[in-house]
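*Asks:* got a sequence here, can you model it:
(chains A, B, C and D)
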There are 4 protein chains.
Amino acid sequence: MAGRIFTRKQLIRHGHTDPVGIVYYPRYFEMINDTVEDFFREAMERPFGQMHTIEKVGVPTVQIAVEFQKPSYCDDMLDMGLVIERLGTSSATICVKALCGGEVRLSAILTIVQTNLETMKSIPFSGPMRVMLAEYVVDTGETEMI
Amino acid sequence: MAGRIFTRKQLIRHGHTDPVGIVYYPRYFEMINDTVEDFFREAMERPFGQMHTIEKVGVPTVQIAVEFQKPSYCDDMLDMGLVIERLGTSSATICVKALCGGEVRLSAILTIVQTNLETMKSIPFSGPMRVMLAEYVVDTGETEMI
Amino acid sequence: MAGRIFTRKQLIRHGHTDPVGIVYYPRYFEMINDTVEDFFREAMERPFGQMHTIEKVGVPTVQIAVEFQKPSYCDDMLDMGLVIERLGTSSATICVKALCGGEVRLSAILTIVQTNLETMKSIPFSGPMRVMLAEYVVDTGETEMI
Amino acid sequence: MAGRIFTRKQLIRHGHTDPVGIVYYPRYFEMINDTVEDFFREAMERPFGQMHTIEKVGVPTVQIAVEFQKPSYCDDMLDMGLVIERLGTSSATICVKALCGGEVRLSAILTIVQTNLETMKSIPFSGPMRVMLAEYVVDTGETEMI
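*Replies:* Residues are numbered from 1 along each chain as shown, chains lettered A, B, ... in the order given. Modelled structure (predicted):
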């Protein structure tokens, strides 16, 4: 049963914006990473603090591509949506989009790799984890997020 | 009718923490500023974006003192509380505390000054604004927040 | 006369790193943006503050793709290098690489668009600006930075 | 032989500034912390990365008070100065000032405590470290930095 979308709200704050009045783009990467972090905590039941300090496992981002379609301003409330485009043995390619008032503000595609933080080697997702991740894999025909 | 406390939740995220595993302290100032920003948007009905771009008014922080009582870790959920210790003509001295599980993590006291952003001169709070601010002024005998 | 490389040093600081001990990746985007900012100030003689407030012109990033090849740690000194892969009428595609001890830490490719900040429309680079930018366009056969 | 001042330059960048065009104040705490970090690396010969991962020792800030005298703008070059106001057994009270063109932008006073990161207990400065720190203790009559 695939095709679910994980969503969260993201308020654009004063501290995110620059002298032009729009989001200073490195701050968007915090919002994208917060979305992945919330997805792991809320949907995968694996909070990052627990993963890093108890499991000694992380999911570092190894590559990311982002298109900034429209600027965002202070007080905008963004709808962040996350789906999985490709689920590998120990990696996943994730799409994150930010919308506001029906307008796409940014589209991101990133690859995370589950990694043993002591050896820094990749490790496969467990069976139960794979089942949970699979729910968010996009259905055929819906893969063109960017 | 004074004595109200403005509150918000603050999740400690991966990106807030350092190699020691605790909050990198400059990030706490973002959390304090976000609390002031939420107070203005939610309790004072003056979102910062609107204030800055339409009213051309800001409330810059001119001084701040913070005591970090206990460290915070990734996944901690902080209860941020805000009260006004002293309400001046165009300034306010604000206390912000962060608690987690009944433990005080930090206590901050800061002074903001309502400022015309074109002249950079202070301007008095309006009558209605003063009434709204006054609700959050601490009652006698409760002023020792730090 | 093309083929120049703009370079700057970037120290990895405590505040850039996370509980795993490696750079929290959104901070890399600040380092990439700082490299573009230094390139404009030092090589193009157009500091961002002056551009934004006097010229009312900016060079927002409209898309960026980054590959994180190896992790960076606190106290690492990175060599950031910038070249222009493609110079358009009002846009430029820029490659930024970060190296440390001969090892590539990240490779970024980003597109900036010179923009009138009042209308938010693109505006062509001036003749003199184009001449200055052209010096940093990669020579034929060296375009595969990523 | 006391009375030395540790100094470093700090460029105000686009990413430090807000829609008002001035430094977003939480970013100043990064600059203050970077000054302390550079002081430890350059003057005390103890880079933070090495301290944290090899020595398992840190110098967390337990309290800080800052007065923001004048705003700073993008492209300003600040002169950051650091002296020690009081040297304790395992703690130090440090003054940091930022100046630009002879104008004081901010004055900070902060207390750091040398801490064993495994037990989170304070540990005394070593003899040689104390000698090095003592060089930066302000001479009598110069203690009123703020």
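*Asks:* point out where chain A drops to low pLDDT.
*Replies:* For chain A, applying pLDDT under 70 flags the ranges A:1, A:140-146.
*Asks:* show me where it has its strands.
*Replies:* Assigned by DSSP state E, chain A shows strands spanning A:6-11, A:57-58, A:61-68, A:77-87, A:91-100, A:103-113, A:115-116, A:121-122.
*Asks:* distance to C:Val59 for those strands - can I get that in CSV?
*Replies:* C-beta here means a position set from N, CA and C on the backbone, and glycine is covered the same way. Converted to CSV, these look like this (distance: least, Cβ to Cβ, whole Å):
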stretch, distance to C:Val59
strand A:6-11, 25
strand A:57-58, 34
strand A:61-68, 13
strand A:77-87, 24
strand A:91-100, 22
strand A:103-113, 18
strand A:115-116, 35
strand A:121-122, 37
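*Asks:* how about those, which one is nearest A:Val20?
*Replies:* Set against A:Val20 and scored by Cβ to Cβ, these come closest in strand A:61-68, at 12.9 Å.
*Asks:* distance from the closest one to the middle of the chain?
*Replies:* Distance of strand A:61-68 from its chain centroid, counting by Cα atoms, centre = their mean, to the nearest Å, is 10 Å.
*Asks:* what helices or strands is it leaning on?
*Replies:* With contacts taken as 3 or more Cβ pairs under 8 Å, 6 or more residues apart in numbering or on different chains; DSSP states H and E, strand A:61-68 sits against helix A:26-38, strand A:103-113, strand C:61-68.
*Asks:* quick one: that strand to strand C:61-68, angle?
*Replies:* Counting by axes from the mean of the first three to the mean of the last three Cα atoms, to 10 degrees, strand A:61-68 lies at 170 degrees to strand C:61-68.
*Asks:* and strand A:61-68, which strands flank it?
*Replies:* Here strand A:61-68 is paired, per DSSP bridges, with strand A:103-113 (antiparallel), strand C:61-68 (antiparallel).
*Asks:* make CSV from these and add mean neighbour count to it.
*Replies:* Formatted as CSV, these follow (neighbours: other Cβ atoms under 10 Å in any protein chain shown):
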stretch, mean neighbour count
strand A:103-113, 20
strand C:61-68, 20
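*Asks:* A:Gly21 is nearest to which of those?
*Replies:* Closest among those, using Cβ to Cβ: strand A:103-113, at 14.5 Å.
*Asks:* and the residue most central in space within chain A, what does it touch?
*Replies:* Residue closest to the average C-alpha location in chain A (Cα atoms, centre = their mean): A:Val36, at 3.4 Å. Applying Cβ atoms under 8 Å, 6 or more residues apart in numbering or on different chains to A:Val36 gives the contacts A:Val59, A:Thr61, A:Leu82, A:Ile94, A:Val96, A:Leu110, A:Ile112.
*Asks:* how far away is the residue nearest to the first one when sequence neighbours are not counted from C:Leu110?
*Replies:* Nearest residue to A:Val59, sequence neighbours excluded (Cβ to Cβ, 6 or more residues apart in numbering or on different chains): A:Ile112, at 4.3 Å. In this view, A:Ile112 and C:Leu110 are 21 Å apart by Cβ to Cβ, to the nearest Å.
*Asks:* just to revisit the earlier point, state the distance from the residue nearest to the centre of chain A to chain D.
*Replies:* Per Cβ to the nearest Cβ, to the nearest Å, A:Val36 is found 22 Å from chain D.
*Asks:* can you check A:Val66 too?
*Replies:* To chain D, A:Val66 is 17 Å away according to Cβ to the nearest Cβ.
*Asks:* same check on A:Glu85?
*Replies:* 30 Å.
*Asks:* please name the residues that touch A:Asp120.
*Replies:* Careful, residue A:120 is Met and not Asp. Residues in contact with A:Met120 (Cβ under 8 Å, 6+ apart) are C:Pro71.
*Asks:* show the backbone phi and psi for it.
*Replies:* phi 60, psi 30 (degrees, to the nearest 10).
*Asks:* near chain C, anything from stretch A:26-33?
*Replies:* Yes - using Cβ under 8 Å from any Cβ of the partner chain, a contact is recorded between stretch A:26-33 and chain C, made by A:Pro26, A:Arg27, A:Phe29, A:Glu30, A:Asn33.
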